[in-house]
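Engineer: below is the sequence, then the predicted model.
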2 protein chains.
Amino acid sequence: MRGRDRLVLKKRVNNMTFVETQYVNFSETLTLKSGAKLSPITVAYETYGALNADKSNAILICHAFTGDANAAFFHKDAKKPGWWDDMIGSGKAFDTDKYFVICPNVLGSCKGTTGPSSIDPKTGKPYGLSFPVITIQDMVSLEKRLVDHLGIKKLLSVAGGSMGGMQSLTWPVMYPDLTHSSIVIAACHRHTAQQIAFDEVGRQAVIADPDWKGGDYYGKAIPKSGLAIARMIGHITYMSEMSMEQKFGRKLVDKEQLGYSFATDFEVQEYLEYRGQSFVDRFDANSYLYLTKAMDYFDLTEGGKKLTDVLQRVTADFLVISFTSDWLYPSHQSQHLVRSLKANDLDVSYVELKSDYGHDAFLVEFDDQTRIVSNYLAKVVKERVERA
Amino acid sequence: MRGRDRLVLKKRVNNMTFVETQYVNFSETLTLKSGAKLSPITVAYETYGALNADKSNAILICHAFTGDANAAFFHKDAKKPGWWDDMIGSGKAFDTDKYFVICPNVLGSCKGTTGPSSIDPKTGKPYGLSFPVITIQDMVSLEKRLVDHLGIKKLLSVAGGSMGGMQSLTWPVMYPDLTHSSIVIAACHRHTAQQIAFDEVGRQAVIADPDWKGGDYYGKAIPKSGLAIARMIGHITYMSEMSMEQKFGRKLVDKEQLGYSFATDFEVQEYLEYRGQSFVDRFDANSYLYLTKAMDYFDLTEGGKKLTDVLQRVTADFLVISFTSDWLYPSHQSQHLVRSLKANDLDVSYVELKSDYGHDAFLVEFDDQTRIVSNYLAKVVKERVERA
């Protein structure tokens, strides 16, 4: 198998292991939660490791807001490996010696899967704002198509952090029989007012940019400054007060003195500006709008149901992880979820990891996550696959 | 005295009591912390209550970021009273039956005191970005002039919340002999990386607005959308996650359903948009830049000194108040200050008030603040004025 071949290669030559994004086209119409219909749809995805004979070792990795299908390993000529490279690979948390790992780019994104920057076959032009508003549930519906396409009847696990955690939580709710387990990291079962508020300000920053032009900017100047501001806001929420203080404090760009002007004085300003500017080169402004909207719409309780009722059909086991300094998706949200899962007599492991890294912790705290996830997956294999 | 007359009137006819902002012009040059020189300078201020014969009952109130001189009572035809009306008046925390309360508008603002929207006498045009970058210390220097002008040799107290607290903390550091006490509410002795970061994003939103035009927009279209976005970010930081959840949760503007569009779905979006838009009508975009910069520059330790050393010449008593849910100026900052004050053997009262209102608590939690402040002021009078 290609995945296994790559892995052996990786062991031998390490960084010389290259992976490529694959693509699959679905012509069948996808009916969205809104009722809107979408077709055709392309899904970009990558796989690592090898699917075993009984197809019982497949794990779906769901990426966060601005992620992509390249979860691990290097693309040819890339300077950086995939976004969760420390967690996926030989001997890692999602051990590609044991598991077949799949990571698709989500619906509405701009990294190969159909989204607002894709060409609408009806017009021959990019969708822009004529792309339908999508939800986390729609992302999961499309991921299910990919899993079917790969011939997998039941996933060993579905895992993700942040928006990826919302998808991994939604999977066993929408498809109770299609995954043995779910790993929900730094996420929630519904966006709060504060989470919506931060997203709304980011969207307003994009929309206020005159280059946004109602979303019809493809082939013209892109709304750089608005998107950069949105990303700067995001970055503040991804870090903790403490991690910002440790990394930057009041350190000056010019070590000597304050500038007494509106030029950049502090390193933290320079960092945010850099993160904002570099984001503009890699992400589509309309996808920013659609994916934040999908998160804001995310509410498993559908605005009124009890979470315990919503979870009633669920049969999967759960691992829930939160981080002490994550104030964007604070631990109390994970704990609310865990209480509701346990109230339904589900098998739930919950760990609150101590970290100063804020929401970003799921992308940087590998030691604890590796131990916890690898032990958890071994337990799922033992209890739900081998005993079956 | 006018103040006393007004107060009697207030008791009799309540809301029919009107106050007016007064103005004083200083022609003498003010040398700023940057070394820049500024003149002439107008200060807008209000006073409530009466100065006693020995001029020992004067309290200076320092306003927060977007506040003004109208701290209490009504202006004629105004729909709302001053921003701290619940705290200042007959029988209130700052009891105008006992104390002579002064509230000036700060340097750099746009509410009557000289700032970037004022006319530069050298050019006959608004200063715009030619206005010098100012600091909290410069605001305090100018407040000292006003206190001199009013013939007051020593203040009973100087008090304020947020940026007002930074000023009230700076007063006894810059002028150790000129105030008996200082009341520092929801503030800090220096801005952290996170506080700078939020301000920076707000400034970038203003600057990115094409109508800002390098600060030269007076008499033309004002940078509405940029300033509104900056204010929306600010509002999120002034509330707590819990107060946002209690006030808005996921309540929909259209009670029936999600819109599946980029129109406003949630009440929290509508609220932020309203706060952003209404702010644009009452505040100058350049003042937004200058005052946030002054706060970002605020660091009593001057980038390297020990806070205990900086406080060495201080002789005033202190009351420090913080709020449990204030994550913009979190309690640990107040506690750091309190430890350093106590290490200098100063008389410090510290209270951390339980509140869900976040940073806004200093503007809304009146019951506890009234008891604490009024008792504290009585103690200062007894120990520092009557015994003297």
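Structural biologist: Okay, I see it. None of these values were measured; they are calculated from a predicted model.
Engineer: state the mean pLDDT of the host helix or strand of A:S349.
Structural biologist: Taking DSSP states H and E as the criterion, A:S349 maps to strand A:348-353. Across strand A:348-353, pLDDT averages out at 98.
Engineer: report the buried residues of the following helix or strand past it.
Structural biologist: Moving toward the C-terminus from strand A:348-353, the next helix or strand (DSSP H and E) is helix A:361-364. Residues of helix A:361-364 classed as buried: A:A361, A:F362, A:L363 (neighbour count, 16 or more other CB atoms under 10 Å in any protein chain shown). C-beta: built from backbone N, CA, C; applies to glycine.
Engineer: packing partners for helix A:361-364?
Structural biologist: For helix A:361-364, the packing partners by 3 or more CB pairs under 8 Å, 6 or more residues apart in numbering or on different chains; DSSP states H and E come out as strand A:317-323.
Engineer: the strand it packs on near chain B at all?
Structural biologist: No: using CB under 8 Å from any CB of the partner chain, strand A:317-323 stays clear of chain B, coming no nearer than 14.5 Å.
Engineer: partner strands of that strand and their direction?
Structural biologist: strand A:181-185 (parallel), strand A:348-353 (parallel) (DSSP bridges).
Engineer: make a markdown table from the ones you listed and add mean neighbour count to it.
Structural biologist: Output for the strands paired with strand A:317-323, formatted as a markdown table (neighbours: other CB atoms under 10 Å in any protein chain shown):
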| stretch | mean neighbour count |
| --- | --- |
| strand A:181-185 | 29 |
| strand A:348-353 | 18 |
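Engineer: for A:C62, which of the ones you listed is the nearest?
Structural biologist: strand A:181-185 (9.6 Å; CB to CB).
Engineer: which residues of the stretch 101-250 of chain A lie near chain B?
Structural biologist: Proximity of the stretch 101-250 of chain A to chain B is confined to A:129, A:132-133, A:190-194, A:196-198, A:200-201, A:203-205, A:207-210, A:225-226, A:228-229, A:232-233, A:235-236, A:239, A:241, A:244-245, A:247-250 under the rule CB under 8 Å from any CB.
Engineer: near chain B, which residues of the stretch 251-388 of chain A are found?
Structural biologist: A:252, A:258, A:260-262, A:265-266, A:268-269, A:272-273, A:276, A:289, A:293, A:296-297, A:299, A:303, A:327, A:330.
Engineer: mind giving me the PyMOL select for the residues you listed, buried ones only?
Structural biologist: What follows is the PyMOL syntax selecting those of those that are buried according to 16+ other CB under 10 Å:
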select buried, chain A and resi 252+258+260+262+265+266+268+269+272+273+276+289+293+296+297+299+327+330
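Engineer: so which of the residues of the stretch 251-388 of chain A next to chain B are in helices?
Structural biologist: Judged by DSSP state H, helices contain the following of those: A:V268, A:Q269, A:L272, A:E273, A:G276, A:L289, A:K293, A:D296, A:Y297.
Engineer: now do the contacts for the closest residue to the first one other than its chain neighbours.
Structural biologist: Put plainly, it is A:V268. Closest residue in space to A:V268, ignoring its immediate chain neighbours: A:F248 at 4.0 Å, by CB to CB, 6 or more residues apart in numbering or on different chains. Counting by CB atoms under 8 Å, 6 or more residues apart in numbering or on different chains, A:F248 makes contact with A:F266, A:E267, A:V268, A:Y271, B:A193.
Engineer: and A:P172, how close does it get to A:Y127?
Structural biologist: 31 Å (CB to CB, to the nearest Å).
Engineer: and those two? which has more neighbours close in?
Structural biologist: For A:P172 versus A:Y127, neighbours defined as other CB atoms under 10 Å in any protein chain shown are more numerous around A:P172 (26 against 21).
Engineer: where's the more buried one, which helix or strand?
Structural biologist: helix A:163-174.
Engineer: does the residue positioned nearest the centre of chain A fall in a helix, a strand, or a coil region?
Structural biologist: Ranked by distance to the mean C-alpha position of chain A (CA atoms, centre = their mean), the top residue is A:A64 at 1.7 Å. For A:A64, the assignment made with DSSP: H, G, I helix; E, B strand; the rest coil gives coil.
Engineer: Provide a list of residues in contact with it.
Structural biologist: A:W83, A:G160, A:G161, A:S162, A:M163, A:G164, A:F362, A:L363.
Engineer: the first one and A:A69 touch, don't they?
Structural biologist: No: A:W83 sits out of contact with A:A69 when judged by CB atoms under 8 Å, with a separation of 9.9 Å.
Engineer: list residues touching both of the two?
Structural biologist: A:H63.
Engineer: between these two, which one's more packed in?
Structural biologist: The neighbour count for A:W83 versus A:A69, taken as other CB under 10 Å, is higher for A:A69 (27 against 21).
Engineer: stretch A:26-36 and chain B in contact?
Structural biologist: Yes: with CB under 8 Å from any CB as the criterion, chain B is reached by stretch A:26-36 at A:S34, A:A36.
Engineer: please point out which parts of that stretch sit buried.
Structural biologist: A:F26, A:L30, A:L32, A:K33, A:S34.
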